[in-house]
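Chemist: Sequence and predicted structure are below.
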Amino acid sequence: MADSGKDGLRECIRMQQIVDGLGSDTRILVASLRDADTIADLAAEGLDTYTFFAGRGEGIVRRAADG
């Protein structure tokens with residue numbers, strides 16, 4: 001979404017709010033994440049299912065673990 005000029009973070013948070021409002025256990029799959037800060041922001045809003053490019057994965061996980 002971000003590559004097309006949309007606020008991807010905000011859109012994902014909106015989707016999660018809709019799912020929560022419905023009382024559903026549906027999980028939003030957030031794809032193509034590029035940094036640990038975005039994962040932290042999403043997690044704070046209840047989003048916990050992600051994909052990211054394997055070449056970046058180690059750095060993202062290491063940075064997230066460091067806090």
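Modeler: Alright, I've got the coordinates. Residues are numbered from 1 along each chain as shown.
Chemist: Can you give me the neighbour number for residue 50?
Modeler: 17 (other CB atoms under 10 Å). Glycine gets a C-beta too; all of them are placed from N, C-alpha and C.
Chemist: That one and residue 28, how far apart?
Modeler: Distance, residue 50 to residue 28, by CB to CB, to the nearest Å: 10 Å.
Chemist: do residue 41 as well
Modeler: Counting by CB to CB - residue 41 and residue 28 are separated by 14 Å.
Chemist: neighbour count winner among these two?
Modeler: The neighbour count for residue 41 versus residue 28, taken as other CB under 10 Å, is higher for residue 28 (19 against 14).
Chemist: For that one, which residues are in contact?
Modeler: 12, 15-16, 19, 47, 49 (CB atoms under 8 Å, 6 or more residues apart in numbering).
Chemist: Strands of this protein, residue ranges please.
Modeler: 29-33, 49-52 (DSSP state E).
Chemist: Would you convert these into JSON lines that also reports distance to residue 2?
Modeler: Converted to JSON lines, these look like this (distance: least, CB to CB, whole Å):
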{"stretch": "strand 29-33", "distance to residue 2": "9"}
{"stretch": "strand 49-52", "distance to residue 2": "13"}
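Chemist: wait, which of these is closest to residue 23?
Modeler: Residue 23 sits nearest to strand 49-52 of all the strands of the chain, at 18.1 Å, using CB to CB.
Chemist: Give me the contacts around that closest one.
Modeler: Strand 49-52 has contacts (CB under 8 Å, 6+ apart) with 27-34, 39, 42, 60.
Chemist: For PyMOL, what selects the buried ones among these?
Modeler: Buried residues within these, by 16 or more other CB atoms under 10 Å, are selected in PyMOL with:
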select buried, resi 28+30+33+39+42+60
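Chemist: I appreciate the help and will end here.
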